[in-house]
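[1] Take this sequence and fold it.
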Amino acid sequence: MRWIAAAALVFHLLAAVISTPAPAAPTPRPPIIGATSAVLMDARSGRVLHAKSPDVPRPPASTTKILTALLAMEALTDETLVPIHERASEERSGSAIGLEAGERWKARDLLYALLMHSANDAAIALAEAVAGSLDQFAVQMNARAKTLGARRSHFNSPHGRYHPRHLATAYDLAVIARAALRIPRFAEIVRTQTWSLARPGQQSMMLINTNSLLWRYRGADGVKTGWIAQSGPCLIASATRDGWQLIAVVLNAPRMYRDAAALLDYGFAAFSPVRAAAAGEILYDGPLPGGARFLVAVAEDEVVVPVRRGASIATRITLLSTGAPVRSGQIVGTAVFSSEGRVVAHVRLLAAEDVRRGSWWARFVRWARRLAGRPP
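    This is a model prediction of the structure:
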């Protein structure tokens, strides 16, 4: 587009400041936790609110199954019949539901077994149904993780049993969990406490979610536990209060439920979600660089970000333009939102209306009339 050029004019405007309500008490300090690695993340924006060694790769154990479920849900429907092959039927170590070769299970049932009971045999069956083999599924896992922004992790299996190269960071696991929680089917399963698993030709099996935080923490709604000797206790937990969801990841946490609850408590107490911009809200109304008339620019999407209670949000507008003409809906810049000196969000700006090219004198007159508060 003509407005983007090598010699584009860029200028910055510090705009209005949005403040959160003043806190009634001093802002809580981050909790002291025993986990080796941890992350507290806002589920909507992906902003990290607190972290401890978030980028150190560690064995993720069965928290791996979040990515397995995400890939399975993207490839299979609930009613897809998954054939059980020998490799899945032979998987009896750790958690399993006793799949038998030759059976055909609905993908939905295997997903409940995978996420609630942490069934390793269900993980293998789903992986083979999606990719044909465990090796090809691992390729898909790593590719999908990278597209999500989880770039410091490497996955070798769908279940998370120990392998020296099967490693993930707390940050990457939070990113993967955030993406999975956007899938309604996934969110429904991981917040389910108990579920009756219909077994082909057998009595049903009652599944009890391994995440006991669902019973112990107000607003808890997910997501997955994990443990192997090399990883120590691991938990990815989520909770929603007043429509605001947080994700806590704790790895190698001897008291994983206490650590996760402490992180979630801190997030809900110390931060508050603030709407920095509404979709279609005018964020810039002023002269168009080098062009005619005035530009009205609006936010492309709604922006809601968590900021520390009592803190403010500053908005910096950057416009890129060689001048008129500008078409309505054209991308004309970016609004960057920061709080306490750190960037917390950004949104593209769109022209709210066409801007035609005019003479130099006409542009000057319109600008002067606008400054005087008179219609251009």
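[2] make it CA atoms for all contacts and neighbour counts henceforth
    OK.
[3] pLDDT score for the residue lying closest to Ala198 once chain neighbours are set aside?
    With CA to CA, 6 or more residues apart in numbering as the measure, Ser204 is the residue that lies nearest to Ala198, at 4.6 Å, once sequence neighbours are left out. Here the pLDDT value assigned to Ser204 is 89.
[4] what residues are up against Ser204?
    Ser196, Leu197, Ala198 (CA atoms under 8 Å, 6 or more residues apart in numbering).
[5] Contact partners for the first one?
    Put plainly, it is Ser196. With contact set as CA under 8 Å, 6+ apart, Ser196 has these partners: Ser204, Met205, Met206, Leu207.
[6] and it, which of the three is it?
    Using DSSP: H, G, I helix; E, B strand; the rest coil, the secondary structure recorded for Ser196 is strand.
[7] who's it bridged to?
    For Ser196, the residues forming beta bridges with it (DSSP bridges) are Met206.
[8] Give me the average confidence score over stretch 323-332.
    The predicted model assigns stretch 323-332 a mean pLDDT of 86.
[9] for stretch 104-118, same thing?
    Stretch 104-118 carries an average pLDDT of 97.
[10] follow-up on the earlier one: nearest to Ala69, of the contacts of Ser196?
    The shortest distance between Ala69 and any of the contacts of Ser196, using CA to CA, involves Leu207 and amounts to 17.0 Å.
[11] OK, contacts around the closest one?
    Leu207 makes contact with Ala113, Met116, His117, Thr194, Trp195, Ser196, Leu197 under the criterion CA under 8 Å, 6+ apart.
[12] and with 10 Å instead?
    Ile97, Tyr112, Ala113, Met116, His117, Thr192, Gln193, Thr194, Trp195, Ser196, Leu197 (CA atoms under 10 Å, 6 or more residues apart in numbering).
[13] Can I take it that the third one is in a strand?
    No. Secondary structure of Ala113, determined by three-state DSSP: helix, with no strand assignment.
[14] Phi first, then psi, for the closest residue to Pro273 other than its chain neighbours.
    Leaving out its chain neighbours, the residue that sits closest to Pro273 by CA to CA, 6+ apart is Pro306, at 4.0 Å. Comment: the main-chain dihedrals of Pro306 come out as phi -80, psi 130, following degrees, to the nearest 10.
[15] With the one 3 residues further on instead?
    The phi/psi pair for Arg309 (degrees, to the nearest 10) reads phi -60, psi 130.
[16] hmm, back to that, a markdown table please, covering the contacts of Ser204 and showing distance to Thr315.
    Listed next are the contacts of Ser204 as a markdown table, based on distance: CA to CA, whole Å:
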| residue | distance to Thr315 |
| --- | --- |
| Ser196 | 51 |
| Leu197 | 51 |
| Ala198 | 54 |
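[17] Closest one of those residues to Pro83?
    Distances from these to Pro83 were compared by CA to CA; the smallest belongs to Ala198, at 15.7 Å.
[18] Quick check: which helices or strands does the helix or strand hosting Val307 pack against?
    Taking DSSP states H and E as the definition, Val307 sits inside strand 303-308. For strand 303-308, the helices and strands in contact under the criterion 3 or more CA pairs under 10 Å, 6 or more residues apart in numbering; DSSP states H and E are strand 37-42, strand 48-52, helix 256-270, strand 271-277, strand 331-339, strand 342-351.
[19] which ones are touching the residue sitting nearest the centre point of the chain?
    In the chain, the residue lying closest to the centroid (CA atoms, centre = their mean) is Arg178, at 3.3 Å. Remark: with contacts taken as CA under 10 Å, 6+ apart, Arg178 is in contact with 41-46, 66, 148, 172, 223, 238, 245-247.
[20] Done for today, thanks.
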